[in-house]
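**Q** I would like the atomic coordinates for the input below:
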Amino acid sequence: MTILFLVYLSCCLSLCSLVLGDTLAKFPVCVTDDDCRDISEQGDADYRCFQYRCFPWDDEELQGDFRSCKRRTDCLQLGEEEGGDGDDGECFRHQDRRRIVMGMCVRKSSAVQCYGPGDCLENEKCINSYCGEEEYFKALQDLECDRKGYCEDLYLGNHCCHDFSSDILKRKCCDADGDVGVILPGGDLDDDTLAEISTKV
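**A** Numbering: from 1, shown residues only. Next up is the predicted model:
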C-alpha cells in the first residue's frame, strides 16, 4: 500500500511539474513590463507584468485557463485549473489602470503582498513582493541583474554575480562573501577554462 501511494504521489508531482513548466512557458516570470517584451512580440499580443508573470490581459485566447476580471465579483469560486483554490479569488489589477483595463483572478493568499521569505505559505516563495510558486522563484533567479540592490530587494541573493556557468556571459543574483560574487562552472576548472574566464572579465 505504501509503495503504491509513493508511486501515485510521484506521478502527481511529475504531472504538476509538467503543468507548471507549461505555465511558465506561456506566462514567463517578470519583474516589470519590460520583461514581457519578448513574449509580446512572439505572441503578437500585449503581455504585461501581473504580480510576477507576463499575462496577455487583452487576449482571452492566450490567457489559457486563467480568468480575466475587472472586479472581485468576477473571481468567485476560482478553480485550481484557473490558479485558485476553489474559494473566491481576488481581481489583481495592473498598476497602469488607465490603459490596462482588465486584471487577472488570483487566489486570495497570493493577492497579499509579502515583505520577506517568511511571509508566504510553506509551499510558496516571495516573488516580486507576492507569494507564488517555487518554479517562478527559480525562473526569477535566472533573470539577469545589474546591481546588488535588485538581488537583495527580491530575496535572490546578496550580490549581482558574474556568471561563468554557461557560454552566455551575464550577471545573475547569488550569495557570496566579500565585495564581488562569481558563479563558476561545475566540476574542476582546467587552465583553458580559467584563461577564458580571465578574458571575459
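
**Q** residue ranges with poor pLDDT in the protein?
**A** 1-21, 168, 178-180, 187-191, 193-201 (pLDDT under 70).

**Q** tell me the centre residue of it?
**A** A centroid search over the chain (C-alpha atoms, centre = their mean) returns residue 136, at 2.8 Å, as the residue closest to the centre.

**Q** distance of residue 22 from residue 57?
**A** Counting by C-beta to C-beta, to the nearest Å, the gap from residue 22 to residue 57 is 20 Å. Placement of C-beta: from N, CA and C, glycine included.

**Q** more crowded one of these two?
**A** Between residue 22 and residue 57, counted using other C-beta atoms under 10 Å, residue 57 has the larger neighbour count: 22 against 11.

**Q** which residues does the nearest residue in space to that one that is not next to it in sequence contact?
**A** Nearest non-adjacent residue to residue 57, counting by C-beta to C-beta, 6 or more residues apart in numbering: residue 102, 4.8 Å away. Contact partners of residue 102, counting by C-beta atoms under 8 Å, 6 or more residues apart in numbering, are 57, 58, 68, 69, 70.

**Q** Buried residues of stretch 76-96, list them for me.
**A** Buried residues in stretch 76-96, defined by neighbour count with 16 or more other C-beta atoms under 10 Å: 78, 82, 83, 84, 89, 90, 91, 92, 93, 94.

**Q** Most neighbours among the contacts of residue 102, please name it.
**A** residue 57 (22 neighbours).

**Q** Switch the buried residues of stretch 76-96 over to JSON lines; also include distance to residue 110 and secondary structure.
**A** Below are these laid out as JSON lines (distance: C-beta to C-beta, whole Å; DSSP: H, G, I helix; E, B strand; the rest coil):
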{"residue": "78", "distance to residue 110": "11", "secondary structure": "coil"}
{"residue": "82", "distance to residue 110": "12", "secondary structure": "helix"}
{"residue": "83", "distance to residue 110": "8", "secondary structure": "coil"}
{"residue": "84", "distance to residue 110": "9", "secondary structure": "coil"}
{"residue": "89", "distance to residue 110": "9", "secondary structure": "coil"}
{"residue": "90", "distance to residue 110": "8", "secondary structure": "strand"}
{"residue": "91", "distance to residue 110": "12", "secondary structure": "strand"}
{"residue": "92", "distance to residue 110": "8", "secondary structure": "strand"}
{"residue": "93", "distance to residue 110": "14", "secondary structure": "coil"}
{"residue": "94", "distance to residue 110": "15", "secondary structure": "coil"}
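
**Q** Fine by me, we can end here.
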